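S.K.: let me see the structure of the following:
(one chain, ligands or ions: 1)
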Amino acid sequence: MNVSATELPGVLVIEPKVFGDERGFFYESFNAREFEKASGLHLQFVQDNHSRSQKGVLRGLHYQVEHAQGKLVRVTAGEVLDVAVDIRRSSPHFGKWASVRLSAENNRQLWIPPGFAHGFVVLSDYAEFLYKTTDYYTPSAERCISWDDPDLNIDWQLNGPPTLSAKDQNGKRLKDADLFP
Ligand SMILES: Cc1cn([C@H]2C[C@H](O)[C@@H](COP(=O)(O)OP(=O)(O)O[C@H]3O[C@@H](C)C(=O)[C@@H](O)[C@H]3O)O2)c(=O)[nH]c1=O
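M.R.: So this is what the prediction gives:
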């Protein structure tokens, strides 16, 4: 497993060791001991999620004001552009974002710590998106920042308008958002 930094401190790219042979491949998609050794993080995940989306679907930017979730995300079919935004008011990187392409081909994972908003857009015909979270889904604490907030100015690498849920069409700008206590 290889762990590398992104331009956003705390957000990490994880590349598992993939064993390919004539049958296909095998890799450990998560190993707590190896993850801790490589990242220095001792994490306890409580939920595994899986979503499937068509090309051009954008989900985000999501976070929870209570029970903030750290997320270890990956793609097992297709390709997405995954985006993390630092929304901790006290952070020197407040409002800064990092993006990484995750695909079934590159097997990359992204670690997004609690305190960040998260979203992704599907670049392939469809994508299967899997992630582990460090806290439980808490609908009352769920918030959404607008994917196209001009203060963030995220380059989603899109050619046309994305497909959004009703919730994601009503995201707030970061400057108006309800952030962590
Ligand atoms: C996220 C989530 C949703 N749900 C339900 C609620 C709803 O009826 C349905 C779809 O929910 P959503 O529209 O919120 O799903 P989605 O837009 O995929 O939400 C996810 O987006 C990405 C970017 C994240 O970072 C995740 O943390 C999560 O917020 O699934 C759960 O039961 N548990 C969960 O953990």
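S.K.: mind checking the longest helix of this structure?
M.R.: Using DSSP state H to assign secondary structure, the helix with the most residues in the chain is helix 32-39.
S.K.: elements contacting the next helix or strand after that helix?
M.R.: Of the helices and strands lying after helix 32-39 in sequence (DSSP states H and E), the nearest is strand 47-54. Counting by 3 or more CB pairs under 8 Å, 6 or more residues apart in numbering; DSSP states H and E, the packing neighbours recorded for strand 47-54 are strand 126-133. Glycine gets a C-beta too; all of them are placed from N, C-alpha and C.
S.K.: relative to strand 47-54, how tilted is the strand it packs on?
M.R.: For the pair strand 126-133 and strand 47-54, the angle between their directions (axes from the mean of the first three to the mean of the last three CA atoms, to 10 degrees) equals 160 degrees.
S.K.: report all helices and strands that strand 126-133 contacts.
M.R.: Of the remaining helices and strands, those touching strand 126-133 by 3+ CB pairs under 8 Å, 6+ apart are strand 47-54, strand 71-77, strand 79-86.
S.K.: contacting residues around the residue nearest the centre of the chain?
M.R.: Here the mean C-alpha position of the chain is nearest to the C-alpha of His118 (CA atoms, centre = their mean), at a distance of 4.9 Å. Taking CB atoms under 8 Å, 6 or more residues apart in numbering as the criterion, His118 is in contact with 60-63, 71, 73, 82-85, 112.
S.K.: now, which of those sits nearest Gln47?
M.R.: When these are ranked by distance to Gln47 (CB to CB), Lys71 comes first, at 9.7 Å.
S.K.: if I look at the closest residue to that closest one other than its chain neighbours, how far off is Leu61?
M.R.: Computed as CB to CB, 6 or more residues apart in numbering, the closest residue to Lys71 that is not its neighbour in sequence is Ile112, at 4.6 Å. Separation of Ile112 from Leu61 (CB to CB, to the nearest Å): 11 Å.
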